[in-house]
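Undergrad: Okay, sequence plus prediction incoming.
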Amino acid sequence: MPSQPSSTVESIELMASLDSVAALLRVVCDVSGLGVATVAEVTEQRWIACAVEDRIAYGLQPGAELDLESTLCNHVRSSHDAVIISDVTQNPTYCDHPAPGLYGWKSYLSVPVFRPNGTFFGTLCAFDPQPRPLLEQRSVIDTLDGFARLLGELLAREEQRREESPGARVDRDLTPLHDQLLVLLEEDLQRPLQALAAQDLHADASQMRHWHTEAQRLAERSGVAADFVRARLGHGLPLKPALVDDFNEQLLGLFATLQTRFPGQTLSSKLPALPAALRLDLPRVLQALDAVLEQVASRNPSGGNLLLRGAIKDRCYSLIVESSTAVVEPGTLSQLFQPALTRADLAQPARLDLGLYLAQEIARGHGGSLVARLEAGHLRFLLTLPTALD
């Protein structure tokens with residue numbers, strides 16, 4: 001193997017030092033069905049494998065170098081567009097490309113990995129000698145995109161840490177993040193994916209609907225994982241504000257789904273007429289509100305009550321969720337917004353609950369806040385969106 005430049009050696013060692021990268025590559029193989037997955041550093045001159053999961057004894061090792069011009073990753077580097085191929089023999093764009101024959105694959109993916117500042121590092125790349133129809137599923141592609149974003153966040157944080165504290169690796173500040181991330185990857189994603197992989201893809205329609213529903217849920221969890229790392233590293237969540245003229249209707253639709261999930265509770269809403277369309281990231285705000293509603297309803301006994309109301313004051317739009325029956329200890333309010341790690345037991349695997357943590361980040365991203373209070377025995381959450389009516 002030719003000698004590697006010092007920057008490449010550092011990238012290989014960096015990836016090897018992060019257990020979460022190895023866990024992520026295992027999940028990539030699970031979700032895609034591909035036998036080999038790697039994180040590759042791709043520059044204008046070189047393609048270097050920095051971390052590898054090889055389930056088919058292909059022989060790819062960290063530090064291996066491929067001829068850059070022969071790889072599709074070079075196209076990804078120049079175009080910043082992912083390449084996803086479920087069966088190259090049926091793909092009109094790449095069926096005659098030399099790469100499949102050269103490297104012996106029929107199914108392939110290469111997704112760009114960017115640092116949070118937008119600089120390109122390389123690719124999340126995987127392949128297999130057999131066609132893999134899972135790569136035709138939108139939920140699978142969304143999951144892989146989420147993993148690539150997650151890799152970029154982990155890479156940037158570790159690079160930053162090494163610049164600030166060169167020498168021996170001291171990770172006290174990252175230990176909670178490391179543990180929580182492994183739960184997300186290994187428990188929330190890898191085990192359910194293994195169960196899905198064991199199912200018959202030619203099963204009846206009801207089983208296929210279940211498969212697609214579960215695959216979509218896992219895609220959402222991969223997005224949550226990327227959001228979690230971005231928020232924990234102080235980068236904020238990506239928001240796409242737009243004018244929304246049916247906000248009340250959207251809230252009521254969400255509220256109706258809550259009633260279905262908690263049929264034994266008395267749920268009511270009181271929303272003001274809006275003077276204008278609101279400017280906000282609607283999916284994100286609904287995500288935040290859903291987490292709050294779920295939190296309050298899950299703390300209610302059967303027959304409990306929950307009220308959702310809106311308020312406008314000085315052009316600041318607020319949403320209040322309150323209950324006089326929800327059970328919560330006064331000293332635990334601040335802990336509600338922290339990632340909650342549920343340890344594994346005989347009934348269920350470990351799980352990381354991030355609902356309120358990300359809800360608070362969404363509020364901050366809108367220039368607002370999300371707080372919880374106990375007032376006269378009432379549990380009250382206040383979500384403020386001060387710029388929504390600007």
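TA: The structure has been received and is ready for your questions.
Undergrad: Sketch out the low-pLDDT regions of this protein for me.
TA: 1-7, 165-222, 229, 233, 341-351 (pLDDT under 70).
Undergrad: which secondary structure element contains the residue nearest to the spatial centre of it?
TA: In the chain, the residue lying closest to the centroid (Cα atoms, centre = their mean) is Gly223, at 1.9 Å. Per DSSP states H and E, Gly223 falls inside helix 205-232.
Undergrad: can you check Ile312 too?
TA: Per DSSP H and E, Ile312 falls inside strand 305-313.
Undergrad: next one: Arg161
TA: helix 138-164.
Undergrad: Next, count neighbours for His378.
TA: His378: 13 surrounding residues under other Cβ atoms under 10 Å. Glycine gets a C-beta too; all of them are placed from N, C-alpha and C.
Undergrad: next one: Asn300
TA: With other Cβ under 10 Å as criterion, Asn300 counts 21.
Undergrad: contacting residues for it?
TA: With contacts defined as Cβ atoms under 8 Å, 6 or more residues apart in numbering, Asn300 is in contact with Phe262, Gln265, Leu306, Ser323, Thr325, Ala326, Val327.
Undergrad: Which of those residues sits closest to Arg138?
TA: Phe262 (30.1 Å; Cβ to Cβ).
Undergrad: Quick check: closest non-adjacent residue to that closest one.
TA: Ala297 (4.6 Å; Cβ to Cβ, 6 or more residues apart in numbering).
Undergrad: Can you give me the distance of the nearest residue to Arg284 once chain neighbours are set aside to Asp281?
TA: Leaving aside its chain neighbours, Arg284 sits nearest to Ile362 (4.8 Å; criterion: Cβ to Cβ, 6+ apart). Taking Cβ to Cβ, to the nearest Å as the measure, Ile362 falls 8 Å from Asp281.
Undergrad: Can you give me the buried ones in the host helix or strand of Ala291?
TA: Ala291 belongs to helix 282-298 when assigned by DSSP H and E. Within helix 282-298, the residues that count as buried by 16 or more other Cβ atoms under 10 Å are 282, 284-297.
Undergrad: cool, stretch 245-255 as well?
TA: Here stretch 245-255 shows Phe247, Asn248, Gln250, Leu251, Leu254, Phe255 as buried, counting by 16+ other Cβ under 10 Å.
Undergrad: can I assume the fourth one sits in a strand?
TA: No. Judged by DSSP: H, G, I helix; E, B strand; the rest coil, Leu251 forms no part of a strand; its state is helix.
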